[in-house]
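Coordinates only, no sequence provided:
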């Protein structure tokens, strides 16, 4: 499985504009018929192309919006042609769009608060019958507390909560507060510590908790910055119950 992102931003007097491309693939999928005969292999993927805009409306308050086109490739047309026993003639490819919106607020020099709503848009449909699935509407809340900030060292504490909004309060047998408690327990939560030395070397460590998805454990990473270039590596393999080698590599350049 691979998750890749490429983005570029440019600031103007009226604000900052951005263009981003997100690509996700779960890798190759092998197709066999009911008799076990191999028919072929294809690669599933999702791709989203987005336009974004952000601006300061006050010295300590910024807002941003984004729009993206989403293309989801789950099953290619040749699968239906080679497997008529499925009695499906088309489907497996979905297209939709979505909006994002966010805000960032800095009430004090050492404290930053942020919130974002993501993937707000029409359902996506893969089948010729018209059945559709909702997008993963997501709410993200976060804060950054930076008690030490000087030329030599910066230390920041962070915390964030991520909640998928689809299907909330679905259990009608529970009271409002019981459902609310479940939704909070089910949300993804994370805390972290970042140490920045001379704006050159960054070291990070954190803890992530997702009880519903059974992803619980410590994360860590670090990076280096020089001459406008930044290289960052993040590792979260310890949050999974199974053995994996999850790595996140980020490279950026500031013109």
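Received it, and whenever you're ready, just let me know what you need. On a predicted model such as this, the values are computed, not experimentally measured, just so you know. Numbering: from 1, shown residues only.

and the longest strand for this protein?
Ranked by residue count under DSSP state E, the longest strand found in the chain is strand 38-58.

Of all the residues in the strand or helix carrying residue 163, which ones are buried?
For residue 163, the enclosing helix or strand under DSSP states H and E is strand 153-164. Buried positions in strand 153-164, judged by neighbour count with 16 or more other Cβ atoms under 10 Å: 154, 156, 158, 160, 162-164. Where you see a C-beta, it was placed from the backbone N, CA and C, and this is true even at glycine.

Could you identify the most distant pair in those residues?
Within the buried residues of strand 153-164, 154 and 164 form the most distant pair, 32.4 Å apart (Cβ to Cβ).

hang on, the earlier thing: what's the longest strand of the chain packed up against?
strand 15-32, strand 61-73, helix 77-82 (3 or more Cβ pairs under 8 Å, 6 or more residues apart in numbering; DSSP states H and E).

so how far is that strand from its chain's centroid?
Mean-position distance between strand 38-58 and its chain equals 10 Å (Cα atoms, centre = their mean, to the nearest Å).

That one - which strands sit beside it in the sheet, and in what orientation?
Taking DSSP bridges as the criterion, strand 38-58 sits next to strand 15-32 (antiparallel), strand 61-73 (antiparallel) in its sheet.

Averaged pLDDT, the last one. What do you get?
What it means is strand 61-73. Mean pLDDT, strand 61-73: 97.

Check this structure for its longest helix and report it.
helix 176-186 (DSSP state H).

Please work out the average pLDDT along that helix.
90.

Buried residues, it. List them.
179, 182-183.

Compute the inter-axis angle for that helix and strand 153-164.
Going by axes from the mean of the first three to the mean of the last three Cα atoms, to 10 degrees, helix 176-186 is angled at 130 degrees with respect to strand 153-164.

Next secondary structure after helix 176-186?
Toward the C-terminus from helix 176-186 - assigned by DSSP H and E - lies strand 188-197.
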